[in-house]
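>>> coordinates only, sequence not included:
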């Protein structure tokens, strides 16, 4: 499971807790300078390289 959160997101604690409870394979990516909604459409902040690598490896 891949978790992506911004370091300024109010919801980041939920991502940390879900990551802690998740089974492998799992990865937590924290995007510097991003809030929760920033990762919807600020494409310069979306970690596409992490998405590609994780899903190629685990799907």
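Good, I have the coordinates. The structure displayed is predicted, hence computed values, not measured ones.
>>> who's in contact with the lowest-mean-pLDDT helix or strand in the chain?
Lowest on mean pLDDT, DSSP states H and E among the helices and strands of the chain sits helix 38-41, with a mean of 92. For helix 38-41, contacts defined as CB atoms under 8 Å, 6 or more residues apart in numbering pick out 4, 5, 6, 8, 9, 31, 45, 46. C-beta: built from backbone N, CA, C; applies to glycine.
>>> rerun at 6 Å
Contact with helix 38-41 is made by 6, 45, 46, as judged by CB atoms under 6 Å, 6 or more residues apart in numbering.
>>> What's the local residue count around the first one?
With neighbours defined by other CB atoms under 10 Å, the count for residue 6 comes to 22.
>>> Beta-bridge partners for it, please?
Note on residue 6: beta-bridge partners by DSSP bridges are residue 31.
>>> Does it touch residue 34 like I think?
Yes. Under the criterion of CB atoms under 6 Å, residue 6 makes contact with residue 34 at 2.9 Å.
>>> just the strands in the protein please.
2-6, 27-31 (DSSP state E).
>>> Dump those to CSV, plus mean pLDDT and distance to residue 41.
Formatted as CSV, the strands of the chain follow (pLDDT from 0 to 100; distance: least, CB to CB, whole Å):
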stretch, mean pLDDT, distance to residue 41
strand 2-6, 96, 13
strand 27-31, 97, 13
